[in-house]
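K.L.:
Sequence first, then the predicted structure, then my questions.
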Amino acid sequence: MADDLIAVEVAYATPERQLLIPISLAANSTVELAIEASGILREFPEIDLSQQKVGIFGVVCNLDKNLSAEDRVEIYRPLKQNPMDARRGRLQK
């Protein structure tokens, strides 16, 4: 039975706090299941999976993507400003 488990991590960060939660799940688990099982939604109630993007090691994916052993699931915060607009603003100063 233990052979059917994979180890993954779920990560989320705000400017004030970063959290990386290691968990073990069934081998056929999805990104969404990992997020729910990690308890990170209780730690950060502002997370809205219907609006925020998620990914594995910096690559955006869907909530129904199957995980592999040692994956790091990341929940991304929305950008406050378009990167191009921010760059233009810095150049104008």
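P.N.:
That came through fine. The structure presented is a predicted model; accordingly, all values stated were derived computationally and were not measured. Numbering: from 1, shown residues only.

K.L.:
which residues of this structure score low on pLDDT?
P.N.:
Within the chain, the stretches with pLDDT under 70 are 1-3, 81, 93.

K.L.:
Going along the chain, name the strands of it.
P.N.:
Along the chain, the segments classed as strands by DSSP state E run 5-13, 18-26, 54-56, 59-61, 72-75.

K.L.:
Quick check: which of these is nearest to Glu43?
P.N.:
In this view, those are compared for proximity to Glu43 by CB to CB, and strand 18-26 is the closest at 6.1 Å. Backbone N, C-alpha and C define where each C-beta goes, glycine included.

K.L.:
buried residues in that closest one?
P.N.:
Within strand 18-26, the residues that qualify as buried by neighbour count (16 or more other CB atoms under 10 Å) are Ile21, Ile23, Leu25.

K.L.:
right, and out of the residues you listed, which lies closest to Ile6?
P.N.:
Taking CB to CB as the measure, Ile6 sits nearest to Leu25 out of those, at 6.0 Å.

K.L.:
residues contacting the closest one?
P.N.:
With CB atoms under 8 Å, 6 or more residues apart in numbering as the criterion, the residues that contact Leu25 are Leu5, Ile6, Val8, Leu33, Ala34, Ala37, Leu67.

K.L.:
now swap in Gln52 and tell me
P.N.:
Taking CB under 8 Å, 6+ apart as the definition of contact, the neighbours of Gln52 are Ile75, Tyr76, Arg77, Pro78.

K.L.:
likewise Val31?
P.N.:
Counting by CB under 8 Å, 6+ apart, Val31 touches Val54, Ile56, Cys61, Asn62, Leu63, Asp64, Lys65, Leu67, Val73.

K.L.:
Rebuild those as JSON lines, extending it with neighbour count and distance to Arg88.
P.N.:
Listed next are the contacts of Val31 as JSON lines, based on neighbours: other CB atoms under 10 Å; distance: CB to CB, whole Å:
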{"residue": "Val54", "neighbour count": "21", "distance to Arg88": "29"}
{"residue": "Ile56", "neighbour count": "17", "distance to Arg88": "32"}
{"residue": "Cys61", "neighbour count": "18", "distance to Arg88": "30"}
{"residue": "Asn62", "neighbour count": "11", "distance to Arg88": "32"}
{"residue": "Leu63", "neighbour count": "16", "distance to Arg88": "34"}
{"residue": "Asp64", "neighbour count": "9", "distance to Arg88": "37"}
{"residue": "Lys65", "neighbour count": "18", "distance to Arg88": "35"}
{"residue": "Leu67", "neighbour count": "22", "distance to Arg88": "39"}
{"residue": "Val73", "neighbour count": "27", "distance to Arg88": "33"}
